[in-house]
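Undergrad: Predicted model and sequence follow; I will ask about them next.
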Amino acid sequence: MKFSELIRLLEENGFRLIRERGSIRYYGKTGWPVLIRVDYHGPKEVPKGTCYAILKDAGIRK
């Protein structure tokens, strides 16, 4: 999965960009207790373990 696909998946599940510092983006949504950190690296592939960790933190099953 590419970073753009991961971001699209988060946004489809109600997450919005809250804060950005350089290449690090934080996503959150109303009623979700924690921010989801995504180290954005453009068109590159997301490492498999990183992708699973981000989706798990967001409560998304794929």
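TA: Yep, that arrived.
Undergrad: now Gly42, nearest residue through space, not along the chain?
TA: Phe3 (6.4 Å; C-beta to C-beta, 6 or more residues apart in numbering). From N, CA and C alone the C-beta is placed, and that goes for glycine too.
Undergrad: Am I right that that neighbour is in contact with Thr50?
TA: No - under the criterion of C-beta atoms under 8 Å, Phe3 makes no contact with Thr50, lying 10.0 Å away.
Undergrad: ok, now how distant is the residue nearest to Gly42 from Pro33?
TA: 24 Å (C-beta to C-beta, to the nearest Å).
Undergrad: Need the residues that contact stretch 55-62.
TA: Residues outside stretch 55-62 that contact it (C-beta atoms under 8 Å, 6 or more residues apart in numbering) are 9-10, 13, 15, 27, 32, 34, 36.
Undergrad: Quick one: mean pLDDT for that stretch?
TA: Across stretch 55-62, pLDDT averages out at 90.
Undergrad: Report the separation between Gly31 and Phe15.
TA: Using C-beta to C-beta, we find Gly31 at a distance of 11 Å from Phe15.
Undergrad: So which of those two has more stuff around it?
TA: More neighbours surround Phe15 than the other of Gly31 and Phe15, with 20 against 6 (other C-beta atoms under 10 Å).
Undergrad: Quickly find the element holding the residue nearest to that one when sequence neighbours are not counted.
TA: Of all residues beyond its chain neighbours, the one nearest Phe15 is Tyr27 (4.1 Å), with distances taken as C-beta to C-beta, 6+ apart. Tyr27 belongs to strand 24-28 when assigned by DSSP states H and E.
Undergrad: hmm, who's touching that strand?
TA: Judged by C-beta under 8 Å, 6+ apart, the contacts made with strand 24-28 from elsewhere in the structure are 7, 10, 15-20, 34-40, 58.
Undergrad: Tell me which of those residues fall in helices.
TA: When DSSP state H is applied, the contacts of strand 24-28 are split such that 7, 10, 58 fall in helices.
Undergrad: ok, how many other residues are close to the last one?
TA: When counting by other C-beta under 10 Å, one arrives at 21 neighbours for Ala58.
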